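>>> after the sequence you'll find the predicted model.
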Amino acid sequence: MNERYEIIIYWSQEDETYIGEVPELPGCLAHGPTHEAALTSVKEAISLWIDTAKEFGDPIPTPKERKLMFA
């Protein structure tokens, strides 16, 4: 299920780390010293976000499975 959510990874100059965000899951983000580490961390954060939502009976958004395109 993790792979279906859009993940945006970017370098944060302020924090001096890579940040991974999941726009479809409010507040779901993670960080790491490399792009790969941020991706691994944010995939874990997705699982934790979903587990917590299930525990509290909160709705879990259906993944939109969008892909970013740059022009």
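That came in fine, so what should we check first? Numbering: from 1, shown residues only.
>>> what's the burial count for Gln13?
Gln13 has 7 neighbours, counted by other C-beta atoms under 10 Å. Any C-beta I mention is one placed from the backbone N, CA and C, and that applies to glycine too.
>>> how about Phe56?
Applying other C-beta under 10 Å, we find 7 other residues in the vicinity of Phe56.
>>> report pLDDT for it.
Per-residue confidence (pLDDT) for Phe56: 97.
>>> tell me the centre residue of the chain?
Val22 (3.3 Å; C-alpha atoms, centre = their mean).
>>> please name the nearest non-neighbouring residue to it.
Nearest-residue entry for Val22: Cys28, 4.1 Å, with adjacent residues in sequence omitted and distances by C-beta to C-beta, 6 or more residues apart in numbering.
>>> equivalent analysis for Glu21, please.
Per C-beta to C-beta, 6+ apart, closest to Glu21 is Leu29, 4.5 Å.
>>> try Gly27
Trp49 (7.7 Å).
>>> from Gly57, how far out is Ala30?
Distance from Ala30 to Gly57, counting by C-beta to C-beta, to the nearest Å: 24 Å.
>>> who has more neighbours out of the two?
Legend: neighbour count by other C-beta under 10 Å for Ala30 and Gly57, higher for Ala30 (23 against 6).
>>> contacting residues for Pro63?
By C-beta atoms under 8 Å, 6 or more residues apart in numbering, Pro63 lies in contact with Met1, Arg4, Tyr5, Glu6, Glu24.
>>> 7 Å instead?
Counting by C-beta atoms under 7 Å, 6 or more residues apart in numbering, Pro63 touches Arg4, Tyr5, Glu24.
>>> which of those are buried?
Among these, those buried by neighbour count (16 or more other C-beta atoms under 10 Å) are Tyr5, Glu24.
>>> ok so, going back, does the residue nearest to Gly27 sit in a helix, a strand or a coil?
Secondary structure, DSSP: H, G, I helix; E, B strand; the rest coil: Trp49 is helix.
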